[in-house]
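Asks: A predicted structure for the sequence below; I have some questions about it.
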Amino acid sequence: MKAITSNQAKQQLDELNDKKLLKRVNLLVRDIIRNSFDGIGKPEPMKANLSMDN
């Protein structure tokens, strides 16, 4: 799986002052990449084919 982040998302993460929240966001993103449907954030399959994998 390929992770794509927008410039706006990167900027918001850089401005985040809550280290505990930033750590949790990074943990969730890493887990989504590794375990798309079995992750800690209770992920669900997409209803439409919005995948960017070609």
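Replies: Yep, that arrived. Just so it is clear, the model here is predicted, and its values are computed rather than measured.

Asks: to the chain's geometric centre, what's the distance from the lowest-mean-pLDDT helix or strand in the chain?
Replies: Of all the helices and strands that make up the chain, helix 7-15 has the lowest average by mean pLDDT, DSSP states H and E, namely a mean of 83. In this view, helix 7-15 has its centroid 13 Å away from the chain centroid, taken as C-alpha atoms, centre = their mean, to the nearest Å.

Asks: let's number from 885 now, not from 1
Replies: Fine by me, first position is 885 from now on; the one you just mentioned is helix 891-899.

Asks: orientation of the very next helix or strand once past it relative to helix 891-899 in degrees?
Replies: Past helix 891-899, further along toward the C-terminus, the next helix or strand under DSSP states H and E is helix 903-918. Here helix 903-918 points in a direction 140 degrees away from that of helix 891-899 (axes from the mean of the first three to the mean of the last three C-alpha atoms, to 10 degrees).

Asks: mind listing what's buried in helix 903-918?
Replies: Using 16 or more other C-beta atoms under 10 Å as the test for burial, helix 903-918 gives Val913, Ile916. C-beta coordinates here come from the backbone N, C-alpha and C atoms, glycine included.

Asks: thinking again about what came up before, what does the least confident helix or strand of the chain contact?
Replies: Counting contacts by C-beta atoms under 8 Å, 6 or more residues apart in numbering, the residues outside helix 891-899 that touch it are Leu906, Val909.

Asks: Flag the shaky bits of the chain, pLDDT-wise.
Replies: With pLDDT under 70 as the threshold, the chain has low-confidence stretches at 885-888, 921, 923, 925-927, 930, 933-938.

Asks: For burial, what's the neighbour tally of Leu897?
Replies: Residue crowding around Leu897 was assessed by other C-beta atoms under 10 Å; the count is 14.

Asks: Check Asn891 too.
Replies: Should you count by other C-beta under 10 Å, Asn891 turns out to have 7 residues around it.

Asks: Equivalent analysis for the one 10 residues further on, please.
Replies: Per other C-beta under 10 Å, the neighbour tally for Asn901 reads 6.

Asks: Likewise for Ser920?
Replies: Neighbouring residues of Ser920 were enumerated by other C-beta under 10 Å; the total is 12.
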